[in-house]
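Colleague: everything below, folded, please.
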Amino acid sequence: MLIGDYRIEVIPDTEFRLDGGAMFGIVPKVLWEKVCPPDELNRIKLQTNCLFVETSKEKILIETGMGEKWDAKQSERYGIFRQKPFAETLREKTGYKPEEITIVINTHLHFDHAGGNTIFDKSGRIVPQFPNARYFVSASELEKAENPHERDRASYLPENWLVLKETGQLELKPDEYEAVEGLTLRKMRGHSETMQTVQISRGGETLYGFSDLIPTTAHLPFAWIMSYDLFPTETLAFKKEILPRAVKENWICWFYHDFNTPLCRLKQENGKFQPILL
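Modeller: Model (predicted):
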């Protein structure tokens, strides 16, 4: 896919599962199970859809998925079903190897967005998975990751960023910045205090990534908000503002955790937002 002169590819990392009740907050199970059927442990199927952006000068990866540093017990807990290494999927989708990525962007440092920042080498040491890349994260997000709130402490795993500080690859950014021309990161409080959203505007087209504010197309209804969110009323306000705009301006929307529809446009019918397949 092209957004102006930028090449865009979705790079799925791995299937995983989280509790359906947690994923839909106050929404009754009798409603959410119709669109996201749970397994026997009440978990719903999710994906980590990373985004590759190629410009004339840079090969950019936005988010790095769950990563491959999980032991058997952890993999069972999160229902991780990995079909192949991320490096293999990246090569198949883009033609590039991890060492050819020049910029990695994390919207925030929760393990399902930054887990693939690092990887075990053959000796079992944790090393950068993208050895020649600059890793971008906001300074405020790193501060929160290293001093987390009790409610999301378990989502921050230092092994996903500490080695990047040691190698000098981690570059701290402001709450709003342009990674390259037309690719903007903006802090949006709701899921957490310092998570960022992604906007790519190029050649008259816009792609917008909601990150965890709207993780899947099942979360399009305003009140369907994860119980993981630290500021759910602010998530609600964000959705009421951004979704009508996405429809009006015909954006391509990126749903990071949607198993079936990572990219789509949106329409609004009878007050309901619905995905339109590309």
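
Colleague: can you give me the buried ones in stretch 8-21?
Modeller: Neighbour counts over stretch 8-21 (16 or more other C-beta atoms under 10 Å) mark 8-9, 11-18, 20-21 as buried. All C-beta atoms are positioned from the backbone trio N, CA, C, and that covers glycine.

Colleague: quick one: contacts of the longest helix along the chain?
Modeller: Longest helix in the chain, counting residues (DSSP state H): helix 232-248. For helix 232-248, contacts defined as C-beta atoms under 8 Å, 6 or more residues apart in numbering pick out 25, 188-191, 208, 210, 213-214, 220, 222-223, 225-226, 229, 251, 253, 266-268, 273.

Colleague: same thing with stretch 15-29?
Modeller: With contacts defined as C-beta under 8 Å, 6+ apart, stretch 15-29 is touched by 31-33, 36, 38-39, 41-48, 66, 78-83, 112, 215, 218-219, 223-229, 232, 259.

Colleague: cool, and stretch 83-103?
Modeller: Here stretch 83-103 has contacts from 9-15, 52, 54, 57-61, 64-65, 67-68, 116, 129-136, 179-180, using C-beta under 8 Å, 6+ apart.

Colleague: contacts only, for Asn160.
Modeller: By C-beta under 8 Å, 6+ apart, the contact list for Asn160 reads 67, 109, 111, 114-115, 117-118.

Colleague: what's the answer for Gly203, then?
Modeller: Applying C-beta under 8 Å, 6+ apart to Gly203 gives the contacts 2-5.

Colleague: so which of those are in strands?
Modeller: Among the contacts of Gly203, the ones falling in strands (DSSP state E) are 2-3.

Colleague: by neighbours, which of the contacts of Gly203 wins?
Modeller: Of all the contacts of Gly203, Ile3 has the most neighbours under the rule other C-beta atoms under 10 Å, reaching 19 neighbours.

Colleague: quickly list what it is bridged to.
Modeller: Beta-bridge pairing of Ile3 under DSSP bridges involves Tyr6.

Colleague: contacting residues for it?
Modeller: 200-203, 205-207, 252.

Colleague: repeat that with 10 Å
Modeller: Counting by C-beta atoms under 10 Å, 6 or more residues apart in numbering, Ile3 touches 53, 182-183, 200-207, 252.

Colleague: for it, give its distance to Thr94.
Modeller: Plainly put, Ile3 is 15 Å away from Thr94 if you go by C-beta to C-beta, to the nearest Å.

Colleague: the helices in the stretch 101-250 of the chain, which residues?
Modeller: For the stretch 101-250 of the chain, the helices defined by DSSP state H, counting those that start in this stretch cover 111-114, 139-146, 162-167, 232-248.

Colleague: how close does Tyr208 get to Glu249?
Modeller: Taking C-beta to C-beta as the measure, Tyr208 and Glu249 are separated by 9 Å.

Colleague: same check, this time on Thr167
Modeller: According to C-beta to C-beta, Thr167 stands 40 Å off from Glu249.

Colleague: in stretch 59-73, what's buried?
Modeller: 59-70.

Colleague: of these, which is the nearest to Glu159?
Modeller: Nearest to Glu159, judged by C-beta to C-beta, of those is Lys69 at 6.6 Å.

Colleague: and for the residue nearest to that closest one when sequence neighbours are not counted, the neighbour number?
Modeller: Ranked by C-beta to C-beta, 6 or more residues apart in numbering and with sequence neighbours excluded, the top spatial neighbour of Lys69 is Phe120, at 6.1 Å. Burial of Phe120 is recorded as 14 neighbouring residues (other C-beta under 10 Å).

Colleague: grab the nearest non-local neighbour of Thr197.
Modeller: For Thr197, ignoring the flanking residues on the chain, the nearest one in space by C-beta to C-beta, 6+ apart is Met188 at 5.0 Å.

Colleague: right, and that neighbour touches Asp229 too?
Modeller: No - the pair Met188 / Asp229 is not scored as a contact, 11.3 Å apart, by C-beta atoms under 10 Å.

Colleague: now the common contact residues for those two.
Modeller: When C-beta under 10 Å, 6+ apart defines a contact, the residues bordering Met188 and Asp229 alike are 195, 212-213, 235.

Colleague: fine, thanks again, bye for now.
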